[in-house]
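[1] Curious how this folds, go ahead:
(one chain, ligands or ions: 1)
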Amino acid sequence: MKYILAPSLLAADFKCLAGQMKMTEENGAEYLHFDVMDGMFVPSISFGMPVLKSIKGATEQVMDVHLMVQEPVRYVKDFADAGADIITIHLEACQDVKETIQKIKNCGKKAGISICPQTDADQLLPYMELVDMILVMSVQPGFGGQKFIPESIEKIRKVRRMITECGRDIDLEVDGGIYQDNVEEVLKAGANVIVAGSAVFGGDPGQNTKAMMERLRQYE
Ligand SMILES: O=C(CO)[C@@H](O)[C@H](O)COP(=O)(O)O
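    Sure, this is the predicted structure:
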């Protein structure tokens, strides 16, 4: 299994964004996690297509776009055109989840599905044959810098079992409150894509990426 670090740009210093992204890329972070918030599905507002389009040209990293947006089907094509490589939508935000996943696939992008902490993993079952990635939120979506919800560990284990049973090569991404001191527990539970905002951009992004990557590489 491939283990991947996805630094979350939400925590980056935007006045020197290109340099910060470079530091994560040079130290082994293959993805960049791009959190889109609409002020409806989640209370906050972040950034959108023009920012994605602009940073896409500044790095070779995979653009891992997490749409925390009500009815994301409305924006799938826009984010695909702006440079998204993976588009993850929230199960809770869609009237028609299958149609939304299909639209992502029709745009030639990898499709991810995410669940909030209060959503049971069983609700993912109808979509296991369709998605490339499952994103388990280990904090309430909407803000960076929150504390990891401990019950997420059992949910990660359960989703990993569901992936094994389904027999498809689905990535399991976990997002929220992950730092150097708890990332191993998250990996051990079955995650293989780790989103980290504060842990990477709070301090030296290069050094922090390197330290997180050392922990991820132990599992390869
Ligand atoms: O999507 C979100 C929050 O909604 C996350 O991507 C956070 O941005 C992760 O930040 P840290 O908890 O790692 O600081």
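[2] average pLDDT across the lengthiest helix in the chain?
    Scanning the chain for the longest helix, with DSSP state H as the assignment, gives helix 152-166. Averaged across helix 152-166, pLDDT comes to 98.
[3] That helix: how far from the chain's middle?
    17 Å (Cα atoms, centre = their mean, to the nearest Å).
[4] same question, stretch 115-122
    15 Å.
[5] For the closest residue to residue 17 other than its chain neighbours, list the residues it contacts.
    Distances taken as Cβ to Cβ, 6 or more residues apart in numbering put residue 55 closest to residue 17, at 6.8 Å, once the chain neighbours are dropped. Yep, even glycine has a C-beta here, placed from its N, CA and C like the rest. Residues near residue 55 by Cβ atoms under 8 Å, 6 or more residues apart in numbering: 9, 17, 18, 21, 32, 63, 83.
[6] In strands only, show me those.
    Counting by DSSP state E, the part of the contacts of residue 55 found in strands is 32, 63.
[7] so which of the contacts of residue 55 comes closest to residue 139?
    residue 9 (16.3 Å; Cβ to Cβ).
[8] And that closest one, how far from the ligand?
    Distance from residue 9 to the ligand, counting by Cβ to the nearest ligand atom, to the nearest Å: 8 Å.
[9] Could you pick out the residues of this structure near the ligand for me?
    8, 10-11, 33, 35, 66, 139, 141-146, 175-178, 195-199 (Cβ under 6 Å from any ligand atom).
[10] Pretty sure residue 49 sits against residue 78.
    Yes - counting by Cβ atoms under 8 Å, residue 49 touches residue 78, with 5.1 Å between them.
[11] where do the helices sit along the chain?
    Counting by DSSP H, the helices of the chain are 17-26, 49-56, 76-82, 97-106, 152-166, 183-189, 198-201, 205-217.
[12] Would you mark the buried spots in the second one?
    Neighbour counts using 16 or more other Cβ atoms under 10 Å place 49, 51, 52, 55, 56 of helix 49-56 among the buried residues.
[13] Identify the farthest-apart pair in the residues you listed.
    Maximum distance among the buried residues of helix 49-56 (Cβ to Cβ): 11.2 Å, for 49 and 55.
[14] re earlier: can you flag the buried ones in the contacts of residue 55?
    Counted by 16+ other Cβ under 10 Å, the contacts of residue 55 give 9, 21, 32, 63, 83 as buried.
[15] Please produce TSV containing those, extended by pLDDT.
    Formatted as TSV, these follow (pLDDT from 0 to 100):
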residue	pLDDT
9	98
21	98
32	98
63	98
83	98
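[16] Just the closest of the residues you listed to residue 187, please.
    For the buried ones among the contacts of residue 55, the nearest to residue 187 is residue 32 (19.8 Å; Cβ to Cβ).
[17] If you drop the residues flanking it in sequence, what lies closest to the closest one?
    residue 61 (4.6 Å).
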